[in-house]
Every structure is written in structure tokens, then in C-alpha cells.
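K.L.:
What would the 3D arrangement of this be:
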Amino acid sequence: MSNNTETDFVKLIHDATKPNNKLSIDTNGKLCVKKTSIFRSLFPKKKLIIENLNHNNKEICTALKKMYYSENNSDVEASLKFQKQINKITGKKLATLDFITEITKSWMTDLPDSTKKLKLNELTLIGTHDSGAYQLAKNVKDKSFIGRLTAFILSIPIVKSVIENVALTQNKSIHQQLNAGVRQLDLRLAVGEDNQIYISHTFKTVQLEEALKEIKDFMDKNPKEIVVINVKPDYPHRKGFDVSDNIIKTQELFKTHFSQMILSPDQEMGTVGEMQETGKRVVLYANDVLRREQPNQDNAIFRTGDNEVWPETPNIDKVIGKIKEYYQKKEEKKEKYEYEYISFNSTPDVGATVKNILTNNTLQDSGKKIQKSKLAELGDTIEKHKPAAVMFDAPKKSTVQWLIRENNKRSSEKNNTGKSI
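P.N.:
You can find the predicted model right below:
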């Protein structure tokens, strides 16, 4: 990597990961690189060594974050190049502290004060499509013919592998997604023969209760982070929610885990800072089916007013065109929504699914491919329309970090055109 293409931050990290060097803070409170101890020099390793790491040096972490966000990458490609340089240099392990994870798991906490004055829907959150589809369900007690047939099919390794390729959209658990910076989750539900509520993507994946425990654990550990959750029945399993008890059970699971954290439907979506201070950090949207059995407005939990921009094309090259077409029609109709978000993925039809099976191409592969080839065009769309979130299949580390940095640039202050700067 040529030094003349590196930013100041990249140069610093590059030097800090050279053998016998360590990252420290000088007498002026600025990040610097120092030599490690004689003992350390006997065992040189190319990884980031942070001075006084065992003493939980928050000063260095704070300085790292500040310098990281201050890098002015003018466009998507420049921002991605910067991020890839950092990821390549630091590798998977940064001593015992991964400062990128420190950044992504608390990025909303660290937003500038001017950005926290924006309403939540004026940011562009990072979301995952079919968030719970990262593994197939295990030991589902379904004694129906379909249930037994499904269990038999999944017991055949090669068939299970094919099903995983066409059903699993994510490569991280929900807790891992949140730690990586994801702040909008898409949960499609099904009712099992054991009367438990599952997350599903045609095939059941994980129990809803387990997923909610993971989200609650993350929220407790990160008390200034905000999460938006979209909930709906998984289409092939929608009949399970014709039963009122299953709808009520679903609502009670959310109430049990999030209680006072939920921004109720009668409360206006406030600024990021207001939501952080009041603790109303969980925003729930659901379709008409799951709102059907809601009690009176005082005890309701599911909001309406969200809208998904869905490209509905198996062709990756047409995804951006479909999104632009939607926004053009929207402007003509003058439609407005409280919370509108983009699903940035293709929708395989039967032909595309068969092709994916024959070529061993997974939904996660397709998700990464579209991010690699179309992210710059997505950047233009985000800049123009400011969607409240963008949903991905298996979002890449560099994609998430790019959007985090984009949100950090937004401000409640207005420039001469009236747009946020």
C-alpha cells in the first residue's frame, strides 16, 4: 500500500501495526505511535497494540473514534477505499480490543450533538432483510405431515445445504448484527406446531423469544442505541395468525422484553437525542394482521406509517432503476410516510432460484455482489431521497461502516438550499 494514497488516520494505524510499535497518546492529548517494550520486541506481531490496553484506556478509544469520523471521504468510493485500508491493516484481531466493533456497536451514542437533533427518520439506519434467517430451526416439535416431511428433508445434508442457500439471508446472529452496527431488523413470523412463535423465511429459523432476548441484551449493554423492528407474518405461514391467541402472544413477547423502552403509536417520533434521553429506544412497526388484536391506544405497541421500497426484480443490474422508478412515481403522487426504507436486494424468481441452486450461489452471495457493484449508485439515491433505512442481505463490514460515517456527516443545521448538512 503506497503511503501517498493513505489518509492521516490510515497512516497512523499503519505505523501502529508495524512490529515493535504501539498506539499511544502524547502529552498534547493526540494519538501517536511509540515503541513497545523490549519484551514485546522479542515477539513482534503485525497487529494493533494499544498502550495500557489492560487498564481499559478509554482515552485512546475516544481519540480513535474522533479521528476516524473526522476523515473527510468525499464520495462512496473514497469512503469504501478508506475503510478497506483500515480493515486490511488491522485484520481480524486488534490485540484484545477491536476498535471498529467499539465504533459500530455504539455509533448512535457517539453521534455529534448536531446530528442528535435530527429526528430518527432523518438518519439512514443500516438494516438487515429477514434478519433472523441466519440458521435453520433445530428440534421443532412439528408432528404434522408437512412438519415430519420437512424434518426428513433437512436430515439429508446435501438437501439441507441447498435449502440454506435459498433461505438464509444473513451470516451473523441478531446480536452480532447489532454489534456490527445494524439498527433496523426485519422479523417475519410463523407459528410452530409446538405453539411457539418462530422467525421464518419460508423455513423456520430461530424462536422469536430467543431473538428478542438477544436484542434486549444488546439494548441493556448499550443504553443510548436505538433499534427499529419491522414485524409481519412470513407469507407462507400467514394462516397461523388467523388465530387471535397467536397475535396476542406475539404482542406480549414484545411487551415482556421491552416494556417501557417501546415508543408507543400515540407518541411522535422524536429526535435521536430525545429518544436516547427518554429511553424510548425501541420502535415497532407491524402490518394490519399483527395490529388487529391491539388493545386501546394507551397499551398499543405496534405503529403504522412505514413503507418498504422493494425493487421486486431478480436482476441485480435493475435494482437501482426500480428504486429510482418508485421515487419518481412517489413524487408524482406526493405520498408521504413516517418511516420509509429501501430493501437493497434482488428478489429471485423461480428461474433465478434454480440458477442459484445449480451454481451454488447463496442469497448472501447475491447480497454481497450487489453491494460491491451498486453501492456508489445507492449512495446517490440516499443523498437525494434520505430514506430512513436501507436493508441488506449480509451487509459487508465496509458497507455498514460507510453508512455510519454518512450519518455522522448529517446535521440539523441547514445550508442555503434548506437541506441538512
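
K.L.:
use CA for all of it now, contacts and neighbours both
P.N.:
Will do.

K.L.:
For the closest residue to Ile262 other than its chain neighbours, give me phi and psi.
P.N.:
Computed as C-alpha to C-alpha, 6 or more residues apart in numbering, the closest residue to Ile262 that is not its neighbour in sequence is Val282, at 4.7 Å. For Val282, the backbone dihedrals (degrees, to the nearest 10) come out as phi -120, psi 120.

K.L.:
what is Val282 paired to in the beta sheet?
P.N.:
On DSSP bridges, the residues paired with Val282 through beta bridges are Val227, Ile262.

K.L.:
Quick check: pLDDT value at it.
P.N.:
Val282 is assigned a pLDDT of 98 by the prediction.

K.L.:
quick one: contacts for it?
P.N.:
The contact partners of Val282, taken as C-alpha atoms under 8 Å, 6 or more residues apart in numbering, are Ile226, Val227, Val228, Ile229, Phe258, Met261, Ile262, Leu263.

K.L.:
top of the residues you listed by neighbour count?
P.N.:
Across the contacts of Val282, the neighbour count under other C-alpha atoms under 10 Å reaches its highest value at Leu263, namely 25 neighbours.

K.L.:
I'd guessed it sits against Gln276; true?
P.N.:
No: taking contact to mean C-alpha atoms under 8 Å, the distance of 11.3 Å between Leu263 and Gln276 leaves them out of contact.

K.L.:
tell me the domain ranges of this structure?
P.N.:
Residue ranges of the domains in the chain are recorded as 3-105, 114-139+168-409, according to automatic domain parsing.

K.L.:
Let me have those in CSV, adding distance to Val162 as columns.
P.N.:
Converted to CSV, these look like this (distance: least, C-alpha to C-alpha, whole Å):
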stretch, distance to Val162
domain 3-105, 29
domain 114-139+168-409, 6
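
K.L.:
so which of those gets nearest Ala151?
P.N.:
Go through those one by one with C-alpha to C-alpha and the one that ends up closest to Ala151 is domain 114-139+168-409, at 8.7 Å.

K.L.:
What is the end-to-end distance of the closest one?
P.N.:
Between the opening and closing residues of domain 114-139+168-409 we find a distance of 10 Å, counting by C-alpha to C-alpha, to the nearest Å.

K.L.:
any idea how far that domain is from the chain center?
P.N.:
8 Å (C-alpha atoms, centre = their mean, to the nearest Å).

K.L.:
Use 449 as the first number from now on
P.N.:
OK, 449 is where the count begins now, so the last one is domain 562-587+616-857.

K.L.:
And the helices in the stretch 499-648 of the chain?
P.N.:
Using DSSP state H, counting those that start in this stretch, the helices found in the stretch 499-648 of the chain span residues 506-518, 524-538, 547-553, 561-564, 593-602, 605-615, 622-627.

K.L.:
mean confidence score for the third one?
P.N.:
Averaged across helix 547-553, the pLDDT comes to 77.

K.L.:
before we move on, what about the fourth one?
P.N.:
Averaged over helix 561-564, pLDDT sits at 95.

K.L.:
Which elements pack onto it?
P.N.:
Counting by 3 or more C-alpha pairs under 8 Å, 6 or more residues apart in numbering; DSSP states H and E, the packing neighbours recorded for helix 561-564 are helix 720-726, helix 845-857.

K.L.:
so which of the ones you listed gets nearest Thr465?
P.N.:
Between Thr465 and those, the shortest separation by C-alpha to C-alpha is 19.9 Å, and it involves helix 845-857.

K.L.:
Now do the buried residues in the closest one.
P.N.:
The neighbour-count criterion (16 or more other C-alpha atoms under 10 Å) identifies 845-857 as the buried residues of helix 845-857.

K.L.:
Report the angle between it and helix 506-518.
P.N.:
Using axes from the mean of the first three to the mean of the last three C-alpha atoms, to 10 degrees, one finds that helix 845-857 and helix 506-518 are set 90 degrees apart in direction.

K.L.:
what comes into contact with the top helix by length along the chain?
P.N.:
Looking only at the chain and at elements set by DSSP state H, the helix with the highest residue count is helix 811-833. Under the criterion C-alpha under 8 Å, 6+ apart, residues 524-525, 572, 613-619, 764, 768, 772, 793-794, 840-844, 847 lie in contact with helix 811-833.

K.L.:
Let's test this: mean pLDDT of it, rounded?
P.N.:
Helix 811-833 shows a mean pLDDT of 90 in the predicted model.

K.L.:
Hmm, Lys803 and Val614 touching each other?
P.N.:
No: at 10.8 Å, Val614 and Lys803 do not qualify as touching, with contact defined as C-alpha under 8 Å.

K.L.:
who has more neighbours, those two?
P.N.:
The residue with more neighbours, out of Val614 and Lys803, is Val614; 21 against 13, by other C-alpha under 10 Å.

K.L.:
tell me the contacts of the more buried one?
P.N.:
By C-alpha under 8 Å, 6+ apart, the residues touching Val614 are Thr801, Asn804, Ile805, Thr810, Leu811.

K.L.:
and the gap between the last one and Cys509?
P.N.:
Looking back up the chat, that one is Leu811. Summarising the geometry, the distance separating Leu811 from Cys509, computed by C-alpha to C-alpha, is 35 Å.
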